[in-house]
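A.B. asks: Sharing a sequence plus its predicted fold:
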Amino acid sequence: MEPLDQDEIARYQRHILLPEVGGAGQQKLKAARILVIGAGGLGAPVLSYLAAAGVGTLGLIDDDRVSLSNLQRQVIYDTGTVGEMKTESAAQAIARLNPHVRTIRFEERFEPATAPRLMSGFQMVIDGSDNFDTRYAAADATESARVPLVTGAVGRFDGSLTVLKPYETGPDGVQNPSYRDLFPTPPPAGLIPVCSQTGIIGALTGVIGTLMAMEAIKLVTGIGEPLVGRLLLYDAQAARFDTVRYRRRHPSEGKTV
């Protein structure tokens, strides 16, 4: 792995001091290539914290422009960036935060047909999209490519996240569950309203997005226990976290958790 220079050693000193991370772990972060789907409410904290952590290459997928209503929760942007492409504005923010991070921009949608090309060269995918079509596309594509996926979602005052590695077996020798074991079928179109219709508390996306970044850092460095087979739930109004375990679904079973 490429060694850290003096600026990087000073920048990442608090990581390097951790025995669980150290210089070797920081070098893994520098060598990491992570693709982030969506540069919105969840993507903003994910990108900010992974850039600050020293992830060497970040791929950014989003075909939207910054709007004034985004600024209540998408903290990687500011008033002066309204109207800019999100990928361009986010890449500029990342460069200001950490010039050691390389960004690759994709101003398009992540879909089954584009997934292999967009994922090429990346070792992990983080899905911060806001629709089920993209979530299922990301889950299916990463499972096929044997690439870990960190996926999260938010509602008005609640959020969830999990880590998917269905191509591996757990410590018990049982194959890890997939996204479709957790959510077998997408809900009917229009059943789940979007935040532009229902509203969302802005800081919630920071809570869930930061947790997603933490899971990615754990996966890269090999520390801790990732949320594989576990769905982390957060209720902002009650200030409560819950964890639900789920498993690979047998074809004859209707429930997985």
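C.D. replies: Sure, I can see it.
A.B. asks: drop to CA atoms for contacts and neighbour counts, all remaining ones
C.D. replies: OK.
A.B. asks: can you give me the strands in the stretch 101-250 of the chain?
C.D. replies: 102-106, 124-127, 149-154, 158-164, 230-235, 240-245 (DSSP state E, counting those that start in this stretch).
A.B. asks: Single out the most deeply packed of those strands.
C.D. replies: strand 149-154 (a mean of 26; mean count of other CA atoms under 10 Å).
A.B. asks: For that one, which strands pair with it and how are they oriented?
C.D. replies: strand 124-127 (parallel), strand 158-164 (antiparallel) (DSSP bridges).
A.B. asks: Check what contacts the shortest one and list those residues.
C.D. replies: With contacts defined as CA atoms under 8 Å, 6 or more residues apart in numbering, strand 124-127 is touched by 33-38, 119, 135, 138, 142, 147-152, 212, 216.
A.B. asks: hmm, 6 Å instead?
C.D. replies: 34-37, 147-151 (CA atoms under 6 Å, 6 or more residues apart in numbering).
A.B. asks: Between those, which sits nearest Gly56?
C.D. replies: Within those, proximity to Gly56 (CA to CA) peaks at Ile34, which comes in at 8.5 Å.
A.B. asks: Below-threshold pLDDT in the protein: ranges please.
C.D. replies: Residue ranges of the chain with pLDDT under 70: 189-196, 250-257.
A.B. asks: ok, the closest residue to Arg245 other than its chain neighbours to Asp133 distance?
C.D. replies: Take Arg245 and drop its neighbours on the chain: the residue closest to it by CA to CA, 6 or more residues apart in numbering is Arg230, 4.4 Å away. As judged by CA to CA, to the nearest Å, Arg230 and Asp133 stand 22 Å apart.
A.B. asks: what's the answer for Met214, then?
C.D. replies: According to CA to CA, Met214 and Asp133 sit 25 Å apart.
A.B. asks: and Pro166, what is it in contact with?
C.D. replies: 176-178.
A.B. asks: hmm, try it at 8 Å
C.D. replies: 143, 146, 175-178.
A.B. asks: I'd like the distance from the closest residue to Gln72 other than its chain neighbours to Arg73, if you could.
C.D. replies: The shortest distance from Gln72 to any non-neighbouring residue, by CA to CA, 6+ apart, is to Gly202 (5.7 Å). Distance, Gly202 to Arg73, by CA to CA: 4 Å.
A.B. asks: any common contacting residues for those two?
C.D. replies: Contacts common to Gly202 and Arg73, judged by CA under 8 Å, 6+ apart, are Gly41.
A.B. asks: which of the two has more neighbours?
C.D. replies: Per other CA atoms under 10 Å, whichever of Gly202 and Arg73 has more neighbours is Arg73, with 20 against 17.
A.B. asks: which residues does that one contact?
C.D. replies: If you count contacts by CA under 8 Å, 6+ apart, Arg73 has them with 41, 201-203, 205-206.
A.B. asks: Among those residues, which are located in helices?
C.D. replies: Judged by DSSP state H, helices contain the following of these: 202-203, 205-206.
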